[in-house]
Every structure is written in structure tokens, then in C-alpha cells.
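S.K.: Curious how this folds, go ahead:
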Amino acid sequence: MHKFFERLNHKLDKVKNHSFIKGLNITSHVFWNLVLISAVLMVMLALFVGGAGAGYFVSLVEDQEDYSKEEFQQEVYNYEEVSDLYFDDDEYLGKIPADLERKERSLDEMSNHLIHAVISTEDEYFFEHKGVVPKALFRATYQEITGASTQTGGSTLTQQIIKNQLLTNEISFDRKAKEIALALRMENFFEKEEILEAYLNIVPFGRNANGRNIAGAQSAAEGLFGVDASELNIAQSAFIAGLPKNPFVYTPFAAGGEVKEDFDAGLNRMKLVLNNMHENGFITKEEYEEALEYDIKNNLTDPSGSLVEDYPYLTYEAQDRASRIIRENLLEEDGIEIDDLDEEERQETLTQYLAQAKKELALGGYNVHLTIKKDIYDSMQEAVNNSEWFGPDRQGEDGTEPEEVGAILIDNQTGAILSFVGGRDFNRENLNHATQAYRQNGSTMKPLLAYGPAIDQGVVQPGTVLPDVPSEYRDGTEFTNFGGSYQGFVSVREALKESRNVPAVKTFQRIEHETSRQALEDMGFQRLDPDEPYESGSIGGLTYGATVEQNTNAFATFGNEGQFHDSYLIEKIEKKDGETVYEHNAENNKVFSPQTAFLTVDILRDVLEPGGTASALPGMLKFGGDWAGKTGTTNDTKDSWFIGLNPNVTFGTWIGYDDPQALATPYKGLSYGARTQQIWAEMMNAAYDADPDVLGIDDEFEQPDGIVRQTICGISGKLPSSLCKEAGLTTTDYFNEEFLPSETDDSLSEVSSVTINGERYKAYDSTPSDFTQSGVSIKEDYFDADDMSEYLPDDWDNIVPDQSAPNNGRRPSQVTGVSFNGGQITWNQHPDNDIVGYRIYSRDGSRVKTVRSNTTTSTSVNTNGKFFVTAVDSRGRQSTESNSAEGSSQNNDDNEEDNDYGDSSNNESNNDNSNEKNNDRSNDNNNGGREEGDDSSSEDNNREEDSDTEQDNNDTNEDDNTDEENDGDDNDNSEDDDD
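M.R.: Coordinates of the predicted model:
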């Protein structure tokens, strides 16, 4: 054996030493060395690339925040979830509009089919990996680098969560590196089930049947198939699970909500998901084949209608108010004091935080509870839609527009808004006419700004009499009653009942400016100029006007015993977990005393009674109750109002055009005011049908303590004097006992008066008593009226204005046109303006009759003879006798003969009866008398001379008196200016 191996080695040596073998050995050594060198170089290169890659990876993520578990929970699990609205009594209303609709659900509330479909398609190694799958990552990287047509993706569910919640959708190595790092870190903090639940609540799923963008499995299940996420079958689950890959390509719905004509891409994606589920053992072959046969298109849900479509005015009003509440919370959380900022910075900050609050509300997962009564709200909208009492369409600045309406129903005791009507067509005009439209409120302002504060201050009470005459503001601008008519003097009750402008302004002028402004602010009128309210404000002339909500809310003060509650729509805001972030807290603000509130309400009750401006309204209602109210109209009838209240609720309604212009009147047989009341009544009837208990029509306004009935002198408001009683100027009405009068009236005085041209004047001391009558005079300084007598009520027969009779300063001229026929003496009316009447004398100088009127020009006599007539003026001056007229008390054929006789005996009469005539005149002038037998020949002889002397004396007295009167007038004018 040994020799065998020696021979073998010898042969091998020969082969080895062969030149060919020697060359081959050298080549192999070189190749081997090259292989070794290449291997070493490749290892070194790999180490270099790996180190460089690692270094590059580190450089990409070095500025990425290292999230703690708590930070992950806050960022990842803070889903952008839709917020919901609820009517009163927690009746569901709908979702607050958002760019993305999402509803949160826990994992155990989702179908297992959906979970299996997602895992099979999006991350089959989900329960094995630690956040990333290297193989899938390398594959996706290779496909990206090489531009492969098939892109399988390399993101796990964890990575997708990170991308959606913490990062952006930017395509870059930087973002991908951060995504990987955060996914690895997240896996260290959370269980797989927690991560899967987060994914199913976060991922977007395209659009729903309403065309809204949706995210989260629950929104997808409801929005696509109308079922809960827990009820999804295999086919539905596969279709939904396939959507996140390209949601707006695969979704079956277009942007408007209609079903796409072709969504085969989504159906093909569903088939791929089903295949994955089958291959991964989640479904059997039979289930797989059955799911393939499922008709997705025929099982899509119908559009449910959006909240905006069904309740547009309510949705946006609630969204706006809730956003402002959340804004206040955000400002408080950030420690920002708005009042400490300058105007520009304040507005910028408020705008910025409001935008943030709107996003927070829309996607923050809130439950917003409203005060609105659904049944009443719905019925009021229907009543407006069906009403036939709106005026015709008019041409506005932006085209044809309808007569609009704004209305609101408020709870008196809390301020809660129970219902409102924002307008007739939101699609035409989205302005909420109940809460956002500022309009002049006309006469509805009278009880708020004039009478309410004045009654509260004790300036007036319901029975106080006020002047109702043409008047001016303090700057000299005239203002009038609507329609231009005046009653002269009216009580507060009558003035408000009939809605008269002048008494309201006169009342406002008696109140201190700060008092009236404070009342406005306390009742929610915050949009005021620095110097408001002006005098015109008392009849509805605010600079910026008021909204229906503000106006109605202010009236609710009277229904709540003088306590004001700011109106509100949001009762409570809470998170989905039940945490309350806001709850309304009603605050009382005393504006008027309970006594003032009751007195004002009691007057406003009369508005709905006969003679009131809304007397027809009770007949329009299908129910009764204790109602009070106020009408309102603005200049040129551009706005019409009615606000009514009972002890429980206040309901205000406005009608007008968005581009202000005159309302049609009459229209369909009704004035604009009657149409306003008819529309008001239709909505209230609808509210009654929907929920009568809310209106509380069986309740009555309760009279508080401190209210008494008192008889006063209506002129001064003081206790009645005997003169006031005799003049019939007393009135009995309710009073706040705190302001009961203690002084007796001093506004009246007993005077003698004369009547000239149908008007009564104070007589002079020299006015003959046979032309005067007793009366009562009102002191001018109680009223601001230039010519009070012109406006005295017709039934004030015994009232004499505080003005002296006219006096032209001369003796009256002779009466003309005297005739006597058939027992009737007639003459021409004397042209002077100071004639108080006429005296009829027989030719022998004896007085036959006195006529107390300058306009009466005839009288009857029962005897035959000759007669003449004299005119007497206010100073007692008497004209010379007229030409005599002769006749008899009966018509006869001897008239011509009698007249001839009368003419021939005229001089005889003058001479023979001169003593008797002078005696009579002396008696007239001196208010005394003498028997006919008295010796008065001297008077007879000097009759004409005495008359001239008396005239001179009277002229002198008249001049003196006239100067005094002028002085008095000047003083009166000065007082008026001071006022």
C-alpha cells in the first residue's frame, strides 16, 4: 500500500510539473485572490453603505420629536370626529357641517369581517411585526427607485396612522424616515388592538351618499350601506376595506352624492380584497364565491339629506353660536384677555380664534344641545311656507325679491329661544332675518325707551295726560303722529294703545338721558352710537336699528316682572364621553320694578282691545289667554312689526324687504299691519297645535304688591281739586303706590270766558258779564303747546285755554245789513276779530236781547216795532247803533206802511227815548241797573261824549294789558327753550 501511494505521488508530481498544469495553478491563485479581494471590498462597501445609510437615516429623524405615550394618545387618538346637534329634550337633530364626517367606534363595535378584510389587504403581518416590515419596505423602495408599474406599498397600519395623524402626505425620504421611526416607537407603547382600532377610526373612505367626505369605519358603513359598522357583511366589508388605497377613485359616489355610472375600479378592488381574505383563511371558498355575487350597487344607501338642507337657518345659527362659545373657552385656556388688546389686535385675535373654534366644533366630536322645540319649530316653518298674507315680490338691487319675515319665540323666565323663523327661502337669501338683520323697530320702541323708564322713574303713570299736538325736537326739527292727526291731550294709556308719536317723545324728553341709555343697554341693545338714544329713538329711530331677537328679548322683560334674561340658543355642549364643556347659566338683570312691568303690560293689553292698533288680532287666534302686545311701523312703511307676550312667552314678528321699500297696502284686502298680525297669528296657531303647554295660555299676569287704583287730575297727575272734578278732568287708573300724588292739583283756575269764532278765551275784567260764562282755565306751563285751544278735546266743554281774548284796540264799527221780517231780526257778521256778541235794542233804547256769539247774525223777537243792533267787543266797547229796522212779529200786508212809519219816526225815537237807551247801556257797561224813572238826563245829553271818553280809557287799559301779555309770552317762550 505504501508503494502504491509513492507511485501515485510520483505521477502527480509529473502532472503538476507539466507546463500546462503549472499555468493553470497560477491562474487559480490569481482568481482566488481576486475573489477574496472582491469579497473584502464588497463587505467593506456594504458596511460603508449601511453605515452611511444609517447615518443618513439618523440625520433625517434627528429633529423629530420623541413622543411619549401620553403625547401619542393625545395626537393619535384625538380623532377629528363630527359634532352632533340636538333639539330640546335631547331629540337628535343632525351633524354639524364639516369638511370631513367621522364617527368614532370601539373595535368591539366593528364587524370581524371588516377587521379581517383590512388586515388581509393592508397589513397581513400586522400581528407579527413591530411597526415595519423590512421585506415589504425594501420591495416598495425597489419599486419606487426602478419606477416599476406595480406599486405594492410598504406601509403597515401603524405607519399609516402616523402619516394621517402626526405627519403629512408629502412624498419624501425625510417624511418616510420619520414615519418608520415613529411607527417603531408607537409599537412599544400600544397593544395591537389599540392600533387597529385607531386605524379603523382614522382612515378616509371617500364620499357618502350625501356627497360628503367621510373617515372612519362607522361613517363608511352608514354613508355607503346605511348600516352600523358592526353589521357589515363580507362583501360590504371587502368593499370598504379596499377604499383607503385610493378613496376618491374607488368610492361609488360623486361629489354631489349621486351614484357614479361606472365605479368598476372599486368593485375590482373589492374582488382583490376578497381574494386576500380567502388566501389568508379568513373566509371559506363558499363565502368567497357568495361575496363575489353580492350586488354592491343595488345595496348602496339612499341620500339621507343633510342637516343644512333640512334645517339651514337653524344649523348655521347653532354652529355660529357654539363656535363663539368654544372661542371663549380657547381664549381662556390660552390666558388671553381680549379687553387688554388694542382694537386692531383684538379683531385679529377674535377672527383667528373663531376660525380655530369652528374647526374644533366641526371635528371635535361635540354634542351640542339646543333650546329649540322641534315640533314648534317645524310647525312655524310650515305656517310661513303656506301663508297667503305675504305681499307681492318687488324689484330690489339684486333682482326680484319677496317680502321677507323674521320671527322668534322666547321663554320669558329664562331667555331660551324656543323657535324662530329665519326667512322664507335660505337658498335665495341666507341672512337670518330673526337674529342677524338689523332694522328700525318703529313704535315697538315706545314702551321700551319712553314709557317703561318714565313709569319706573315715577315721571308718568298710566293715567297721566300728555299733549298730543304738532311738536318739534329740541333742535327744531318737526315730528308728527302717523297720519298727521292729533287728539290734543291723551293719557299715557290711550297714547300707547293708539301708538301716538308725540306723547311718546314728550315722555322721553322728561327722562334723564343716562337713565334711558342704561335701560336700552340693560335690555340687550348694545349696538349704539356714543350719544344714543336720541329723541327720535323713542319712536324707533335707532342709528343701527335692532334685530327681531333683540327687540323681542327686550319685551320679554315685561313678561318677567322687569327682569331681563339674555336670549340664548345653546343649552349645553359636551364631549362624546359626556364631559360638559359649557352649560348656560341664566343671569338676572333687573331693568324695571315688578310694578313698572305690570303697569306697562296692563297698558299693552289695551292694544289688543277695541280702539287699539291690534284690536283684530285676538279674533285671528284659535286660543285665548292673557295677551299684551305692540305694533310698530317705520318711515315710509318699510318695516312692520308685532310683538306679543303672555306670562310665559314673547313672540316677535317683522316683515319687510331686504332692499327696504314700502310694503303693499292694502293687499288682499288687508293693510300691511293687519297682514303682519295675521302672519304672527298663523305661526302662533301652529305653535299651539304643536305644543300648547309651552304657551301656557291659562296663566295670567299677576298683579304685584304695591299696585293701587287712584283717581287723579289728569292734567297734572296730582290729587283732584274741586275744579278738576267740576271740569270732568279726573281719571282713575293703576298706580305704583310709591309714586302716588300727595299734592292737590293746581293746574286749574276758575275764570270768565268768551267765545269768539267758536273758540273760548279768558275774558277781561271790562268784558260785559252778559257775554261771559264761567269756566276752568289750564295753566299753559303744564303743556308745551303753542295754541292749546286748537287741540282741546271736544268733550272738554268747560275748559278755557290760558289765553286772553283778541283785542284790536278800537271801538267796533256800526253793524250793517239790519233787517226785520216775520219776527226775525238779521244783520251782517261784524268783520272785527274781537267781537264777543251783539245787543238788540228797541227804538226807544231799551235792550231786547243779548246774543253771545260773534258768528250768530239773527234772532227772533215777539213784538212789533223798530229795532237796531250794536256789536260789543272783548273790552266791552260797543258800536254805535245800526240803522233801525221796523217790522212785526208776524208777516202782514202793512209792512210797507209800517216801514214808512218807522222811517218817519226814527228821529223821534232817538230824541224821545234817549234817557231809557242811555240807562240801558250804562247798566250793560257797569254790571248795575237803574229803574226807568231814574234821572239820567245828563247821561242822555252827553251820551256820545261819554262813549268817546270810555273808549279812550279802554284803549289806555288795553295798551297796558297788551304789554303785560307780551312779556308773559316772552317768558313762556324762554321756558320752552329751556325745556
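S.K.: pretty sure residue 638 is in contact with residue 659, am I right?
M.R.: No - contact criterion CB atoms under 8 Å: residue 638 and residue 659 do not qualify, at 9.7 Å. All C-beta atoms are positioned from the backbone trio N, CA, C, and that covers glycine.
S.K.: Compare neighbour counts for these two and give me the winner.
M.R.: Using other CB atoms under 10 Å as the criterion, residue 638 and residue 659 rank with residue 638 on top: 18 against 13.
S.K.: Against residue 403, how distant is that one?
M.R.: Look at residue 638 and residue 403: by CB to CB, to the nearest Å, they are 11 Å apart.
S.K.: Common neighbours of these two, please.
M.R.: 656, 657, 663 (CB atoms under 8 Å, 6 or more residues apart in numbering).
S.K.: Isn't the last one up against residue 389?
M.R.: What it means is residue 663. No - shown here, residue 663 and residue 389 do not form a contact pair, counting by CB under 8 Å, at 11.5 Å.
S.K.: Same drill for these two, tell me which one is more crowded.
M.R.: residue 663 (25 against 19).
S.K.: quick one: the closest residue to that one other than its chain neighbours from residue 656, how far?
M.R.: Counting by CB to CB, 6 or more residues apart in numbering, residue 663 lies nearest to residue 672, which is 3.9 Å off, once chain neighbours are set aside. Look at residue 672 and residue 656: by CB to CB, they are 9 Å apart.
S.K.: Do you know the pLDDT at the residue lying closest to residue 534 once chain neighbours are set aside?
M.R.: Among residues not flanking residue 534 along the chain, residue 541 sits closest, at 6.7 Å (CB to CB, 6+ apart). With respect to pLDDT, residue 541 has a value of 86.
S.K.: ok, now how distant is residue 541 from residue 590?
M.R.: Residue 541 is 27 Å from residue 590, by CB to CB.
S.K.: Equivalent analysis for residue 76, please.
M.R.: 52 Å.
S.K.: Which of the two has more residues huddled nearby?
M.R.: residue 76 (25 against 12).
S.K.: ok now do that one, which residues does it touch?
M.R.: Counting by CB under 8 Å, 6+ apart, residue 76 has contacts 161, 162, 165, 166, 186, 198, 202.
S.K.: Tell me the one among those residues nearest to residue 606.
M.R.: residue 202 (65.1 Å; CB to CB).
S.K.: Not counting sequence-adjacent ones, nearest residue to that closest one?
M.R.: residue 164 (5.2 Å).
S.K.: Repeat that for residue 617.
M.R.: residue 677 is the one closest to residue 617 (CB to CB, 6+ apart), at 4.7 Å.
S.K.: Now for that neighbour, how many residues are close by?
M.R.: 29.
S.K.: and if you look at residue 610?
M.R.: Counted by other CB under 10 Å, the residues lying close to residue 610 total 8.
S.K.: quick revisit: include pLDDT, distance to residue 685 and secondary structure when you put the shared contacts of residue 638 and residue 403 into a markdown table, please.
M.R.: What follows is the shared contacts of residue 638 and residue 403, written out as a markdown table (pLDDT from 0 to 100; distance: CB to CB, whole Å; DSSP: H, G, I helix; E, B strand; the rest coil):
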| residue | pLDDT | distance to residue 685 | secondary structure |
| --- | --- | --- | --- |
| 656 | 96 | 22 | strand |
| 657 | 96 | 25 | coil |
| 663 | 94 | 22 | coil |
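S.K.: Please convert the residues you listed to a markdown table, extending it with distance to residue 871.
M.R.: Converted to a markdown table, these look like this (distance: CB to CB, whole Å):
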| residue | distance to residue 871 |
| --- | --- |
| 656 | 60 |
| 657 | 62 |
| 663 | 56 |
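S.K.: Wasn't residue 640 part of a strand?
M.R.: Yes - residue state for residue 640 (DSSP: H, G, I helix; E, B strand; the rest coil) corresponds to a strand.
S.K.: roughly how far apart are it and residue 430?
M.R.: Counting by CB to CB, the gap from residue 640 to residue 430 is 23 Å.
S.K.: Same drill for those two, tell me which one is more crowded.
M.R.: Neighbour count, other CB under 10 Å: between residue 640 and residue 430, residue 640 has more, with 26 against 13.
S.K.: I'd say the residue nearest to residue 663 and residue 661 touch.
M.R.: No - counting by CB under 8 Å, residue 672 does not reach residue 661; the two are 11.8 Å apart.
S.K.: Adjacent strands (with direction) for the helix or strand that contains residue 214?
M.R.: Per DSSP states H and E, residue 214 falls inside strand 213-215. Its sheet considered, strand 213-215 pairs with strand 101-102 (parallel), strand 204-207 (antiparallel) by DSSP bridges.
S.K.: Let me see the mean pLDDT of it.
M.R.: Rounded mean pLDDT across strand 213-215 is 88.
S.K.: all numbers from here: first residue = 51
M.R.: In the new numbering, first residue 51, that becomes strand 263-265.
S.K.: on that earlier part again, dihedrals phi and psi, the residue nearest to residue 713?
M.R.: Main-chain torsions, residue 722, degrees, to the nearest 10: phi -60, psi -40.
S.K.: what ranges do the helices span in the stretch 751-900 of the chain?
M.R.: 772-776 (DSSP state H, counting those that start in this stretch).
S.K.: For residue 467, which three-state class applies?
M.R.: strand.
S.K.: Please enumerate the shared neighbours of residue 713 and residue 439.
M.R.: Residues touching both residue 713 and residue 439 (CB under 8 Å, 6+ apart) are residue 725.
S.K.: The residue nearest to residue 584 contacts residue 489, correct?
M.R.: No - counting by CB under 8 Å, residue 591 stays clear of residue 489, with 11.9 Å between them.
S.K.: Show me which of the two is the more surrounded one.
M.R.: Neighbours around residue 591 and residue 489, counted as other CB under 10 Å, are more numerous at residue 489. The numbers are 23 against 19.
S.K.: What separation is there between the more buried one and residue 386?
M.R.: Distance, residue 489 to residue 386, using CB to CB: 34 Å.
S.K.: now do residue 509
M.R.: 44 Å.
S.K.: who's more crowded, these two?
M.R.: residue 509 (20 against 14).
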